[in-house]
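Peer 1: Let's see this in three dimensions:
(chains A, B, C and D)
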Protein chains: 2
Amino acid sequence: MANIRQIAKEAGVSVTTVSRVLNGHPYVREDKRQAVIAAMDQLQYTPNRNAVHLAKGRTFMVAVMLPFANHPYFSGLVDGIAYEALQHQYRIILCQTDYNISEEERVLQLLRDKLVDGVIICSRQSSWHDIEPYKAYGPVVACEYTDVPSFSSIYMDHYQTMKHALDVLMDYGHQRIGYCLGRPDSYNSDKRLLAYREALQQLGEPFRPEWGFHHCYNVEDGAEVIRTLLQMEERPTALLVAGDQSAAGMMLELRNHSEADIRSFSIIGFDNLPIAKVLGLTTFDLSSYDIGRKAFELFKYQLDHPDDPPEHHELPFRMIHRSSVYRVNA
Amino acid sequence: MANIRQIAKEAGVSVTTVSRVLNGHPYVREDKRQAVIAAMDQLQYTPNRNAVHLAKGRTFMVAVMLPFANHPYFSGLVDGIAYEALQHQYRIILCQTDYNISEEERVLQLLRDKLVDGVIICSRQSSWHDIEPYKAYGPVVACEYTDVPSFSSIYMDHYQTMKHALDVLMDYGHQRIGYCLGRPDSYNSDKRLLAYREALQQLGEPFRPEWGFHHCYNVEDGAEVIRTLLQMEERPTALLVAGDQSAAGMMLELRNHSEADIRSFSIIGFDNLPIAKVLGLTTFDLSSYDIGRKAFELFKYQLDHPDDPPEHHELPFRMIHRSSVYRVNA
DNA sequence: GCTTGCTCTGAAACGCGTTTCATCCTTTAT
DNA sequence: ATAAAGGATGAAACGCGTTTCAGAGCAAGC
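Peer 2: Predicted coordinates:
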């Protein structure tokens, strides 16, 4: 494989000139430029990307930290990041952490070790406190609310969405409300639970831990929740589900039971996945694709304007009313 | 940021020795090793990955070429690749091509330009003929059948799966059969269509282009197909659908219509996604996760044994019988 | 005629870790 | 005692493109 020095020799110019041609620098006489191009053509030269990265101190790559990609929320996020990255000639390194803290740290080390120009955190387990030092090596963007101001972020206020959903359910006369969340100890889950407990207080209802489910991500998780609930004597009349995927699993599992069972649970989902529409699931509109795009933009902006303060975008939420919420007979 | 030469000076040894410590080379006296480690600690040294990559001529990264990631088949594939990559200290660069040929070429160029040690092609538009030259730069693995022997590959025989599904439908008395596929011009679609046309011939049925649908990937695509079919005077009694995602969309859309409509179409899907189970969809078992893992293994093997001939794994198929295929009244 | 200011060019240094090769020092085997 | 075989170590070359800086050539401005 040819290198830049061979091209220089072949074209009868210095390596500097070859480099200039490569980088579209002006100040190269046309005949020399042509000679260089001819030499590159003849020797089938292409620059070694590692050498470019080393010399430039930049790699045009971002690390994308997420627990797993086979979930519509995250794959949408990745899609959005990838789309925007493509526009800016960036590549993404997909780093699945499975919420493993040391794996997450290894992702941040890619930034410190100059393999990537920045990190986009889709979801994480580590504390912001542990992540913060890596900010010194390049932009770190979060796709969730952070109470640490040194990162740019884009997020939804899940205290508010939960509160809104609870208000809607109460309007429909529900008092016995259960919930399904993902990780129990995440920031968003905490906020949702806060709204939940406040609503219970408002209703004068006790907190019943058996009506709360965690680690719900997939269709199958939702189906399992319904099977569990159907075994109970005392059941909630409504369920707030932090993901359409599992909400869909619930609705589908209900349909495997009696007609009465189907209408015995009102369900509100989250994400507005295509399946929500087909199922008539009331949910919140949330385009993880758009969040991904925005996250990349925030990264790029921070990279190009390192001295500007980080930006924080709170996304407005919007509920999509369909037919999965029933009125409770008074 | 410190570099290896500063560490050498600080520890009172040569850079070679530092490099040896870094790479766990023997032939370093214990006291020197300790001195080096102390120096690295003190200066908070970590190696610049780009320099390592340049010097080693290896990057411990693979490019994963796929059209898009927000589809369960592909995200499962990515998950599998990522899992196996992690075991081997490899990173993956996710390259979404949207089936754009020049974008696909750009992915292969990453291999030529030494940014990745290999490429795993999940699905592609380019001809194998155009891809083949890149083999010279490193292992290229395909997650589909290739008629070009120079790549390792792992695939299912979709002529056989389609044939099997058709046989089952015919056993159940179906004669009027439609299909839903993804891209119309892909190798797999061609093979499926071949089996399809042979079955029609066997049945003495004409080929009705209006019963064939393409570009079906998502729930919404499937729902749309059903709406279209319900408008027709003459309808098929069974549908072969090349993905559970769209098959699910069909079943769900049918449920939005009359009870009679639901049973008016027998449906066979593909992939055995979680939703297929909940819906009682008859489908083919196919773990894209396992394919992904195997694909990475094939890549790694080719990398470590460049002179061994490429391997080709044909996966056995297995139909999972559930309740979406009805018997036709004779 | 002379200064100022571009345009154009290349030598050399730089970014940084790895590898080759020569050398010196110990052991172990004979 | 002595040759053969390892162990240990560092200088220098290498992988390869970019950038700095000095300098040459040439045109516009006064």
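
Peer 1: and A:Ile7, what does it touch?
Peer 2: By CB atoms under 8 Å, 6 or more residues apart in numbering or on different chains, the contact set of A:Ile7 is A:15, A:18, A:36, A:39-40, A:43, A:45. C-beta here means a position set from N, CA and C on the backbone, and glycine is covered the same way.

Peer 1: measure the residue most central in space within chain A to A:Ser246 for me?
Peer 2: When chain A is reduced to its mean C-alpha position, the closest residue under CA atoms, centre = their mean turns out to be A:Cys122, at 3.7 Å. Taking CB to CB, to the nearest Å as the measure, A:Cys122 falls 18 Å from A:Ser246.

Peer 1: So A:Gly212 is in contact with A:Ser189, correct?
Peer 2: No - between A:Gly212 and A:Ser189 there is no contact, the gap being 10.1 Å when judged by CB atoms under 8 Å.

Peer 1: burial measure for the nearest residue to the residue nearest to the centre of chain A once chain neighbours are set aside, as a count.
Peer 2: Beyond its immediate neighbours in the sequence, the residue positioned closest to A:Cys122 (CB to CB, 6 or more residues apart in numbering or on different chains) is A:Leu66, lying 3.9 Å away. Applying other CB atoms under 10 Å in any protein chain shown, we find 25 residues neighbouring A:Leu66.

Peer 1: is A:Leu66 in a bridge, and if so with what?
Peer 2: Using DSSP bridges, the bridge partners assigned to A:Leu66 are A:Gln96.

Peer 1: right, and it touches A:Ser75 too?
Peer 2: No - in terms of CB under 8 Å, A:Leu66 does not count as a neighbour of A:Ser75; the distance is 9.3 Å.

Peer 1: any idea how far A:Tyr179 lies from B:Tyr172?
Peer 2: 43 Å.

Peer 1: ok, the residue nearest to the centre of chain A to A:Ser323 distance?
Peer 2: 31 Å.

Peer 1: Flag the helix or strand of chain A with the lowest per-element mean pLDDT.
Peer 2: helix A:259-262 (a mean of 83; mean pLDDT, DSSP states H and E).

Peer 1: Pull out the buried positions in that one.
Peer 2: Within helix A:259-262, the residues that qualify as buried by neighbour count (16 or more other CB atoms under 10 Å in any protein chain shown) are A:Asp261.

Peer 1: CA-only coordinates of that helix, as PDB, when you get a sec.
Peer 2: Coordinates of each C-alpha in helix A:259-262 appear next as PDB, following Å, rounded to 0.1, in the frame of the first residue of the first chain:
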ATOM      1  CA  GLU A 259     -64.000  -9.700  26.700                       C
ATOM      2  CA  ALA A 260     -64.600  -8.400  30.300                       C
ATOM      3  CA  ASP A 261     -60.900  -8.700  31.100                       C
ATOM      4  CA  ILE A 262     -60.000  -6.500  28.200                       C
END
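
Peer 1: what about that helix and chain B, any contact?
Peer 2: No - in terms of CB under 8 Å from any CB of the partner chain, no part of helix A:259-262 sits within range of chain B; the closest distance is 11.1 Å.

Peer 1: Give me the pLDDT for the residue of the stretch 151-300 of chain A found nearest DNA strand D.
Peer 2: Taking CB to the nearest atom of the strand as the measure, the point where the stretch 151-300 of chain A comes nearest DNA strand D is A:Lys300, at 18.3 Å. Looking at A:Lys300, its pLDDT stands at 96.
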